[in-house]
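>>> Generate a structure from the sequence data that follows.
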Amino acid sequence: EAAVRACLPEEAVFEHLHEYAGALKSASRVAVVAIGKAAGSMATGALRFCEEQSVGVEKTFVVVPHRSEIGLGESAGLTIFYAGHPIPDENSVQAARTVLAFVQGLREEDVVLLLISGGGSALFELPVPEMSLSDLQSWYTELIASGRSIHEVNALRRSRSLVKGGRLARSTQAGVIQLLLSDVPGDDPAVIASGPGYAPELSRNSRRIIGSAAV
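Here you go, the predicted structure:
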């Protein structure tokens, strides 16, 4: 039971955040953005840590598949998006648009705690302007049926998105702390959920793989 509990997303986030306690405590504003199938559990661990460490969280965004049970209650500043998976829907686009607009308003003294898990590519998507939602859905359907590897599929997804491929991280002046649960071979952070926070050239960003299927 102890071993299983240690592998839970909530516990993994809680334990790894001790490394970033100083950055979170010194931040002017903290926003939690959790995206993926495990987003509810990951956000729960982050909010529990912040409460115990007296870190004030201004906003929490959680993006999960439809019919997910996340058990976050009525946390202040909490917005939950139930979005499409494996095909993005209007809620996927609304989630990405809302989060992008919020982080664009943050400053250098602020921190975005970005919690990423599998499924995030479809759940959190803002296509390039020339692509409509119906075009995007048809394209995703073709990609899934194409037989390409997840590395190839997510590379293509990054090419037509305004939030993937590090674009979310580059859109804000805030520091970005990423904790990632990997569901892809090799644990490449650019591939996990198509890498919305993967911008290694930004010195204000940090990332940590906190769970993996690697043996």
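>>> Spatially, what comes nearest to residue 159 if we skip its sequence neighbours?
Nearest residue to residue 159, sequence neighbours excluded (CB to CB, 6 or more residues apart in numbering): residue 165, at 7.7 Å. For glycine as for every other residue, the C-beta is placed from the backbone atoms N, C-alpha and C.
>>> Where does residue 112 fall, secondary structure wise?
strand 111-116 (DSSP states H and E).
>>> Which strands border that strand, and is each parallel or antiparallel?
Partners of strand 111-116 in the sheet, by DSSP bridges, are strand 30-35 (parallel), strand 175-181 (parallel).
>>> Out of these, flag the one nearest residue 23.
With CB to CB as the criterion, residue 23 lies closest to strand 175-181 of the strands paired with strand 111-116, at 6.7 Å.
>>> quick one: average pLDDT of the closest one?
Average pLDDT, strand 175-181: 97.
>>> Dump the C-alpha coordinates for that strand into CSV.
Listed next in CSV are the C-alpha coordinates belonging to strand 175-181 (Å, rounded to 0.1, in the frame of the first residue of the first chain):
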residue,chain,number,x,y,z
GLY,A,175,8.8,31.7,-14.3
VAL,A,176,7.4,28.3,-15.2
ILE,A,177,7.9,25.2,-13.0
GLN,A,178,6.9,22.1,-14.9
LEU,A,179,6.2,18.7,-13.2
LEU,A,180,5.5,16.0,-15.8
LEU,A,181,4.1,12.5,-15.8
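>>> What's the local residue count around the closest residue to residue 111 other than its chain neighbours?
Sequence neighbours aside, residue 27 is the residue nearest to residue 111 in space, at 4.0 Å (criterion: CB to CB, 6+ apart). Using other CB atoms under 10 Å, residue 27 is surrounded by 23 other residues.
>>> ok, back up a step: can you tell me which of the strands paired with strand 111-116 comes nearest to residue 128?
The minimum distance between residue 128 and these falls on strand 30-35, with 19.4 Å, by CB to CB.
>>> so how far is that closest one from its chain's centroid?
Taking CA atoms, centre = their mean, to the nearest Å, one finds strand 30-35 lying 7 Å from the centre of the chain it belongs to.
>>> buried sites along it?
In terms of neighbour count (16 or more other CB atoms under 10 Å), strand 30-35 has its buried residues at 30, 31, 32, 33, 34, 35.
>>> so how far is residue 203 from the fourth one?
Summarising the geometry, the distance separating residue 33 from residue 203, computed by CB to CB, to the nearest Å, is 20 Å.
>>> Could you do the third one as well?
As defined by CB to CB, residue 32 lies at a distance of 22 Å from residue 203.
>>> ditto for the first one
Look at residue 30 and residue 203: by CB to CB, they are 19 Å apart.
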